[in-house]
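# how would this look folded up:
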Amino acid sequence: MAKVTREMVERAGVDVEKLVELLVKNAAAELTTYYYYTILRVNLIGLQGESLKEIAEVARIEDRNHFEALIPRIYEVGGRLPDDMKVFHDMSACPPARLPKDPTDVNAILKVLVEAERCAVRGYTQICNMTAGKDHRTYDLALAILNEEIEHESWFSEFLGEGPSGHFMRRGESSPFVSKFLR
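Below you'll find the model as predicted:
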């Protein structure tokens, strides 16, 4: 733990225990989403499913990157991950993005994907609101993740016909906002 780091965050008025709880729960959501998106992506088949597969893969890889980027900050402020993966899974900030009953229903898979992203947007907005102007490093990290989660939601919501988002599928670098936390 970075003792001065935690002290500065506390002095700035952040409830560090609550912050650690939110960071760990969101890390659990990122790792479990990575797992469930793997299953969802495999089931995106056929003409309609194949058009979504690349986007689901980008979101899946970026969720893994979000998990990796959150871990150092959790430990810097005095937190830690649970020793038990089942406990970690069950504390996720978001419900599991499980494969729908009919794995051939691409629209149902799409709804699972967009709801997972919406949950993530809510979670990182909460962390940003808690740390804005107080904990600059956590705020910067949460904002970077939030930017990517908003893009993911936009991509999936367009496929649901909810209207244009103005976002385009990225080419090249994965996690353009979060990549600086992975170096």
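# helices of this structure, residue ranges please.
Ranges of helices in the chain, per DSSP state H, are 3-11, 16-42, 46-76, 85-90, 106-131, 136-159.
# so can I have CSV of those showing mean pLDDT and mean neighbour count?
Using the backbone N, CA and C atoms, a C-beta is placed for each residue, glycine as well. What follows is the helices of the chain, written out as CSV (pLDDT from 0 to 100; neighbours: other CB atoms under 10 Å):
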stretch, mean pLDDT, mean neighbour count
helix 3-11, 93, 15
helix 16-42, 98, 20
helix 46-76, 95, 18
helix 85-90, 98, 12
helix 106-131, 98, 20
helix 136-159, 96, 21
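# any chance of those helices in JSON lines with distance to residue 175 as columns?
Listed next are those as JSON lines, based on distance: least, CB to CB, whole Å:
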{"stretch": "helix 3-11", "distance to residue 175": "23"}
{"stretch": "helix 16-42", "distance to residue 175": "12"}
{"stretch": "helix 46-76", "distance to residue 175": "4"}
{"stretch": "helix 85-90", "distance to residue 175": "22"}
{"stretch": "helix 106-131", "distance to residue 175": "14"}
{"stretch": "helix 136-159", "distance to residue 175": "6"}
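# closest one to residue 181 among the ones you listed?
Judged by CB to CB, the one of those that comes nearest to residue 181 is helix 46-76, at 3.9 Å.
# and the angle for that closest one with helix 136-159?
170 degrees (axes from the mean of the first three to the mean of the last three CA atoms, to 10 degrees).
# what about residue 102, how many neighbours?
If you count neighbours by other CB atoms under 10 Å, residue 102 ends up with 11.
# ok, residue 83 next?
7.
# contact partners for it?
Going by CB atoms under 8 Å, 6 or more residues apart in numbering, residue 83 touches no other residue.
# quick one, which of the helices of the chain is nearest to residue 179?
helix 46-76 (7.5 Å).
# so what does the closest one touch, helix or strand wise?
helix 16-42, helix 106-131, helix 136-159 (3 or more CB pairs under 8 Å, 6 or more residues apart in numbering; DSSP states H and E).
# quick one on the thing from earlier: quick one: closest of the helices of the chain to residue 183.
Nearest of the helices of the chain to residue 183, taken as CB to CB: helix 46-76 at 10.1 Å.
# the inter-axis angle of the closest one versus helix 106-131?
Orientation check (the same axes, to 10 degrees): helix 46-76 against helix 106-131 gives 20 degrees.
# now the angle between helix 16-42 and helix 46-76, please.
160 degrees.
# the helices of the chain: which one's closest to residue 182?
helix 46-76 (5.8 Å).
# how about the contacts made by the closest residue to residue 135 other than its chain neighbours?
Leaving aside its chain neighbours, residue 135 sits nearest to residue 9 (4.6 Å; criterion: CB to CB, 6 or more residues apart in numbering). Each residue near residue 9 by CB under 8 Å, 6+ apart is listed here: 16, 19, 77, 134-135, 138.
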